[in-house]
Each structure stands twice: as C-alpha cells, then as structure tokens.
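A.B. asks: When you get a sec, could you give me coordinates for this:
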Amino acid sequence: MVTVPCRLLEQRPPSVDVHHALAYTAPGIVGIHSALKGGDWLKIPDFGPVG
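C.D. replies: Predicted coordinates:
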C-alpha cells in the first residue's frame, strides 16, 4: 500500500482524486438529507466526468 506522504514525495497523483471523492461521497450525503426529509427524492449533483 502506498501512503499519501510517499505519493507527495514522489510527486505522483493520489489514487483517489477530488472528482472520485465527490462521486463516492455526494450520494451518501444526499441520502442522509433525503432520509431526514422523510424519504423525499433529491437530486444528486453532477460534478462532471470521473476518470
């Protein structure tokens, strides 16, 4: 396993960049808000292509 400090020292990009992190995290956050509103359907933001 390569750690974040190693990637920084070697000037390599992180294995999970900000776009991937948003794609993984946003649905969970929106799901929590949906549950708090009684299960209302909410739109998950599109942060652009991941790749």
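
A.B. asks: Local confidence estimate at M1?
C.D. replies: Residue-level confidence at M1 comes out at 62, pLDDT.

A.B. asks: Mind listing what's buried along the lowest-mean-pLDDT helix or strand in the chain?
C.D. replies: Lowest on mean pLDDT, DSSP states H and E among the helices and strands of the chain sits helix 4-9, with a mean of 78. Buried positions in helix 4-9, judged by neighbour count with 16 or more other Cβ atoms under 10 Å: none. All C-beta atoms are positioned from the backbone trio N, CA, C, and that covers glycine.

A.B. asks: Stretch 9-16 now?
C.D. replies: So for stretch 9-16, nothing qualifies as buried (16+ other Cβ under 10 Å).

A.B. asks: can you give me the end-to-end distance of it?
C.D. replies: End-to-end distance of stretch 9-16 (Cα to Cα, to the nearest Å): 17 Å.

A.B. asks: ditto for stretch 12-25
C.D. replies: End residues of stretch 12-25 are separated by 23 Å (Cα to Cα).

A.B. asks: Centre of the chain to that stretch, how far?
C.D. replies: 6 Å (Cα atoms, centre = their mean, to the nearest Å).

A.B. asks: tell me the mean pLDDT for it?
C.D. replies: Rounded mean pLDDT across stretch 12-25 is 87.

A.B. asks: now swap in stretch 43-51 and tell me
C.D. replies: Stretch 43-51 comes out at a mean pLDDT of 85.

A.B. asks: next one: that stretch to chain centre, how far?
C.D. replies: The answer for stretch 43-51 is 9 Å, by Cα atoms, centre = their mean.
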